[in-house]
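S.K.: Here is a sequence together with a model predicted from it:
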Amino acid sequence: MNYPFLGCPNIALILLLLLLLAISPLTDATILPRVSPSQNHHGGSYFRRLLDIPFGWASGSKPRKGLNQWLHTHPKLLANLQRYENEVVIRFNISTDAHEAALRKAVDQMLLDVWDFTDNYTDIRLDTRRIRPLMGILPPSMQDNHSILISDLSRAVADTYPTNVPAHSIHQSTPSCRGITPANDTPLPKRRGADDIFFHDYQPLSVVYPWMKLLDSMFRNRGLVRMISIGKSYEGRDILGLRIGIPSNDASARDRKDTILMTGGIHAREWISTSTVNYVAWSFIRSIDEDPMIAKILKHFDIVFIPVLNPDGYEYTWEVDRLWRKSRQRTKMQYCPGFDLDHTFGYQWDTTQHQTEPCSESYGGDEPFQAVEAVRLADWARNETENGVKFVGYLDLHSYSQQVLYPYAYSCATRPPNMENLEEVAMNLAKHMRLSNGEVYTTTSACEGAVASEISTDNMQGPQRARVEARGGSAIDYIFHEFKAHYSYQIKLRDTGSYGFLLPSEHIIPTGEEVYQAMKYFGDYLLGNNGHESMGHSIPTEDHINQVDLTVEEEVNMAELRKRRRRRCDQCTY
């Protein structure tokens, strides 16, 4: 099926017009009042209203020396930058259960901010004045087993906000102190032009939502895109999504297509997850007339993209505190608001395993579904299934550590009945992301803590060890079990620690391309092709074609998975 109206030149012209409007002196963020996307506009054309989008950082006005345009107009952010001047991000290398338990005790006791934990390490943000007390709690064997990843946290935070100066110029003129991957070694992305201008910087909610509304207005009448709201957040903001798919000829079946769900922004500070969801949505729209694989996927499936599941927290990171993680809902402790949304869903929520201190970054409440935003997603998904929609896949994007995680998150003692299929698809998702830009993504069960599980048999029993973060209540477990989305994954995006949550904006496009290629494979796999058709369309260069074959390790892992699958039962319940 051909869709000539989706040609890139038309889209490029429209977005170029938006760019020209954005850089007009009328749009200077220091002159125009900021307008909420939900605010009622009294008259005026749609394009006239777009002038209210605060692209002030692209204007010609000069900010004060040493500050970018966004920080210049947000004094509360500057106050928090001063607080971060004494803070660093430290990586602890964890190799034993005892080390993990000791670190979990210290995290709970000192209410530390855990940035990431994998089977090799745990990253923690803390004030330099608290390093000595932390070391006093930890066993001697851990006190020298750490390194500083980010030594100038205040500067790293400031660099993530949009600026008049290209992001790569800032990083190339600043000595690297990030620890793993020096900034100067990061290749700049190939930018195609006006049609991807939205992804040259991170965007605030007051830009993201009008951009989504623009896509809806451009393509709704053609049946390709429909903007939806799954409800309102605690502070009353819409939680918006884009439903993308080629409409069925059968009018009665148009709203009952099998559906793939992709979410981002569950944790407010993980900006790359929001940008990536938007990038993948945009890529599917712009590629439908160029790529037969995309057209085939969208003919059989609707894909719902929800880029900001936590809009209150996301807005707070742009207005007040860049490193805010949770929602903004009031808790039982007035001065410690917010829930960790990925610990609030109802499946296997266990009060004995949860953090009970509201001031903790991983606080999931005192009972399941206390967080408004988690309830909104669950209610929306339930309403969809009651109206005939079947969720066939779920991808929840986070940062960082470059991992593909599959259920269950709540326990390693229970295996999903389709474990081998989950593992095989996870490996292929990671492979397609690697083939896109060469970045390596690892795969594992979401239950794993900072060290690999000592339990590996099918009949898993025994005590649960203390993990760095609490168990249960995760979105991927809930969607997998409650709505039978048998391919449910959490993808933790770039990077592996050099920047953490403060990934520079030049990574937006290459990260988006990685997930886009993985999503093409995923759609093709769900069509029953095991990803074979997508390979021909997703690898455009000769270098990539030479990389299509699996590595030796991947071949061994795939062969072992197939053997295990043959030994397992064919009929399982979820």
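M.R.: All right, it came through fine.
S.K.: so who does residue 153 touch?
M.R.: Counting by CB atoms under 8 Å, 6 or more residues apart in numbering, residue 153 touches 84-85, 87-89, 125. Bear in mind the C-beta positions are built from the backbone N, C-alpha and C, glycine included.
S.K.: Out of those, which comes closest to residue 522?
M.R.: Distance to residue 522 across the contacts of residue 153 (CB to CB) is lowest for residue 89, with 32.0 Å.
S.K.: That closest one: neighbour count?
M.R.: Residue 89 has 24 neighbouring residues, counting by other CB atoms under 10 Å.
S.K.: wait, what's in contact with residue 348?
M.R.: 408, 410-411, 471-473, 477 are the contacts of residue 348 under CB under 8 Å, 6+ apart.
S.K.: can we see that at 6 Å?
M.R.: Each residue near residue 348 by CB atoms under 6 Å, 6 or more residues apart in numbering is listed here: 410, 472.
S.K.: Likewise for residue 272?
M.R.: Taking CB under 6 Å, 6+ apart as the test, what residue 272 contacts is 399, 493, 503, 511.
S.K.: Quick check: residue 85 vs residue 75, distance?
M.R.: Per CB to CB, to the nearest Å, residue 85 is found 16 Å from residue 75.
S.K.: which among the contacts of residue 153 end up buried?
M.R.: For these, a burial check counting by 16 or more other CB atoms under 10 Å picks out 84, 87-89, 125.
S.K.: Which of those residues fall in helices?
M.R.: Among these, the residues falling in helices (DSSP state H) are residue 84.
S.K.: Include pLDDT and distance to residue 231 when you put the buried ones among the contacts of residue 153 into a markdown table, please.
M.R.: Shown next, in a markdown table, are the buried ones among the contacts of residue 153 (pLDDT from 0 to 100; distance: CB to CB, whole Å):
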| residue | pLDDT | distance to residue 231 |
| --- | --- | --- |
| 84 | 94 | 33 |
| 87 | 95 | 35 |
| 88 | 96 | 39 |
| 89 | 97 | 35 |
| 125 | 96 | 32 |
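S.K.: quick one: which of the buried ones among the contacts of residue 153 sit in strands?
M.R.: Of those, the ones assigned to strands by DSSP state E are 87-89, 125.
S.K.: Model confidence score at the residue nearest to residue 527 when sequence neighbours are not counted, please.
M.R.: Distances taken as CB to CB, 6 or more residues apart in numbering place residue 300 nearest to residue 527, at 6.0 Å, with adjacent residues excluded. On pLDDT, residue 300 comes in at 95.
S.K.: what does the one 5 residues further on give?
M.R.: Predicted confidence (pLDDT) at residue 305: the value is 98.
S.K.: Residue 71 now?
M.R.: pLDDT, residue 71: 86.
S.K.: Name the helix or strand for it, please.
M.R.: If you go by DSSP states H and E, residue 71 is part of helix 69-72.
S.K.: Check which helices and strands that helix sits against.
M.R.: Under the contact criterion of 3 or more CB pairs under 6 Å, 6 or more residues apart in numbering; DSSP states H and E, helix 69-72 touches no helix or strand at all.
S.K.: pLDDT weak spots in this protein?
M.R.: Residue ranges of the chain with pLDDT under 70: 1-67, 164-195, 250-255, 351-353, 449-470, 530-574.
S.K.: which one's the longest helix in it?
M.R.: Scanning the chain for the helix with the most residues, using DSSP H, yields helix 419-437.
S.K.: ok, now how distant is the closest residue to residue 479 other than its chain neighbours from residue 280?
M.R.: In space, residue 479 comes closest to residue 394 once its chain neighbours are excluded; the distance is 4.5 Å by CB to CB, 6+ apart. Here residue 394 is placed at a distance of 14 Å from residue 280 (CB to CB).
S.K.: again, but for residue 483
M.R.: Residue 483 is 21 Å from residue 280, where distance means CB to CB.
S.K.: Kindly report the same for residue 68.
M.R.: Using CB to CB, residue 68 is found at 27 Å from residue 280.
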